[in-house]
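**Student:** no FASTA, just this:
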Ligand SMILES: Nc1nc2c(ncn2[C@@H]2O[C@H](COP(=O)(O)OP(=O)(O)OP(=O)(O)O)[C@@H](O)[C@H]2O)c(=O)[nH]1
Ligand SMILES: [Mg+2]
């Protein structure tokens, strides 16, 4: 389906609503107040279709100067404008302001209707057509020859309809690779169905059942139903006008100016960096000036920070930052319109380049260069520039997604064609930086025989981000270029490592043998474990189950037993434990010929392994079998 959403714009009373009615048969001035006063106040929505699948949505804007904010809310997201100029009045202030706004919103195409042409002669209408063509051209908008219309004679309506369909037919389909963004322009309730919001969708498709995030509140809502042109649908694509029936929220919590987005897709910020252009004849805009900003359908107080000059003159352009009164979350590439606080007049506007940022230095060559990239580059070129700019520290995939307004799957697809590495923690860095880092790490480790932690390595390497370093370490470890032990990274020295492993294995055998011969009266652990190698050997024996650790918790003492000694104790105690009233600790000691020093930790171990069970001061037989199955022996193992 080819479609276009057109904003019907122009000065008050120039015949916009009348034309929409003539084209579509739909009444867009529906409020009693609109009918009484004969002017439009709210946005009006109408729609026409040419068989089989060519559609035009018309958003009828109010022309009165008091409702320019409403006009901007309606114009956000449209594809083109239908400019209506009354033949008898010609170009008036809101004719110019609406065209300025369209240009600032990035629109490039227009259809022009010269209405009420029954009221003037052909000459006058032709002169007006010329003047309108100039007005549009100076703002970079393209339009075909104006269509002269007259309602009393019902002339020009068919020609206008054809011109609108011709424009829609040329409309390129919008991509669906972006971030879901729907500024809410109307809210109403439908009895029995709950709240409904409407808007022009951008970024990516939405489906019934999807969860969305409501901005700025940040709460989660769910799509109960979707309607396009009053028909229920399952999916809506970017560029379509849509009504969403929402769950999980009350009507009173919704209003125009809010926006819907994909969950967690956007982050809010108090600073925005934008490309800015002042309209023709705008008053001088100065650094630090307070302005009103219209973003999507929202309106906010902002302070202007000009990044390369102190004053912006009419018709000129520069880069700027806006400090917003409350944090806003929006995708890169959204447009912003700036108006004076008073008189409320549109003076400038532009495109959001960095939706999440902080206060930036003024007159910084590097920053201005980067902003020029953000303004002029698109797609893969922009992506490459951003990854390169991030340098060895890399950049998070999510940040790239925001700056380039690209959904993650498409982003990853595009990145695959670039010389970049994506880390497991979703950071992106140029391959040259990753390679360099991987060659640096072994070099640094070669100076630290004791090994280095990741933090110390990061300090030694200076410029690298933690995520990129972690990836490099993982890759080097996987390739066995470096080794990791006890949280430290080492350069492996195979012959030394092997020698140490053999030595530790021998030490382990000696300790095990000492314990085996000591039976149920082992020496204290401190006599056995005198250094780090002995500790490692004991740990390995414990892991292999060759020795067991038994604690006397009451005394805070612990002993190591060889498992043969434990087995021996089990088989000697088993018949005695058959007695109905069990054994006292002293009876256990007597039976085994050991003092409390040994029997207490031994019994705690036997309790813990369920060989015995404690009832008050006695032990009875537990559930474990007399001789447990033994794990295989690993005494001569290499270090893990
Ligand atoms: N003579 C003549 N009058 C017209 C024609 N088209 C509209 N009008 C009259 O112009 C007046 C304003 O028309 P609207 O369509 O309400 O104007 P609008 O541009 O929608 O006005 P706002 O929405 O308030 O900006 C009405 O009284 C119409 O009857 C026309 O072709 N010829
Ligand atoms: Mg109207």
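**Tutor:** Here it is on my side, so go on. Just so we're clear, the structure is a prediction, and the values are computed from it rather than from any experiment. Ligands and ions are numbered 1, 2, ... in the order given.

**Student:** Give me the neighbour count for the residue of the chain found nearest ligand 1.
**Tutor:** Taking C-beta to the nearest ligand atom, ligand 1 has its nearest neighbour within the chain at residue 63, 2.5 Å off. Backbone N, C-alpha and C define where each C-beta goes, glycine included. For residue 63, the count of nearby residues is 27 (other C-beta atoms under 10 Å).

**Student:** Would you verify that residue 480 is located in a strand?
**Tutor:** No: under DSSP: H, G, I helix; E, B strand; the rest coil, residue 480 falls outside any strand and is assigned coil.

**Student:** Tell me the spacing between it and residue 502.
**Tutor:** 20 Å (C-beta to C-beta, to the nearest Å).

**Student:** So for these two, which sits in the more crowded spot?
**Tutor:** The neighbour comparison of residue 480 against residue 502 (other C-beta under 10 Å) goes to residue 502, with 12 against 9.

**Student:** can I assume that one sits in a helix?
**Tutor:** Yes: per three-state DSSP, residue 502 lies within a helix segment.

**Student:** ok, now how distant is it from residue 537?
**Tutor:** 12 Å.

**Student:** and the residue of the chain closest to ligand 1, what is it in contact with?
**Tutor:** By C-beta atoms under 8 Å, 6 or more residues apart in numbering, the contact set of residue 63 is 9, 10, 11, 12, 13, 14, 16, 39, 40, 71, 94, 98.

**Student:** Format those as TSV; extra columns: pLDDT and neighbour count.
**Tutor:** Formatted as TSV, the contacts of residue 63 follow (pLDDT from 0 to 100; neighbours: other C-beta atoms under 10 Å):
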residue	pLDDT	neighbour count
9	98	29
10	98	28
11	98	24
12	97	19
13	97	19
14	98	26
16	98	29
39	94	17
40	96	26
71	95	29
94	97	25
98	98	25
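
**Student:** Among those residues, which ones are in helices?
**Tutor:** Using DSSP state H, 16, 71, 94, 98 are the members of the contacts of residue 63 that sit in helices.

**Student:** got the contact list for the third one?
**Tutor:** Pointing back at residue 94 there. So residue 94 contacts 10, 11, 12, 63, 64, 65, 68 (C-beta under 8 Å, 6+ apart).

**Student:** Could you do the last one as well?
**Tutor:** With contact set as C-beta under 8 Å, 6+ apart, residue 98 has these partners: 9, 10, 11, 61, 63, 68, 71, 75, 81, 83.

**Student:** can I assume the second one is in contact with residue 93?
**Tutor:** The reference is to residue 10. No: Residue 10 is beyond contact range of residue 93, at 11.0 Å (criterion: C-beta atoms under 8 Å).

**Student:** hmm, whichever helix or strand residue 5 is part of in reach of ligand 2?
**Tutor:** According to DSSP states H and E, residue 5 maps onto strand 2-9. No: using C-beta under 5 Å from the ion, strand 2-9 stays clear of ligand 2, with a minimum separation of 8.1 Å.

**Student:** Tell me which strands that strand pairs with, and in which orientation.
**Tutor:** Next to strand 2-9 in the sheet, as set by DSSP bridges, lie strand 54-60 (parallel), strand 80-86 (parallel).

**Student:** Right, I'll call it a day here.
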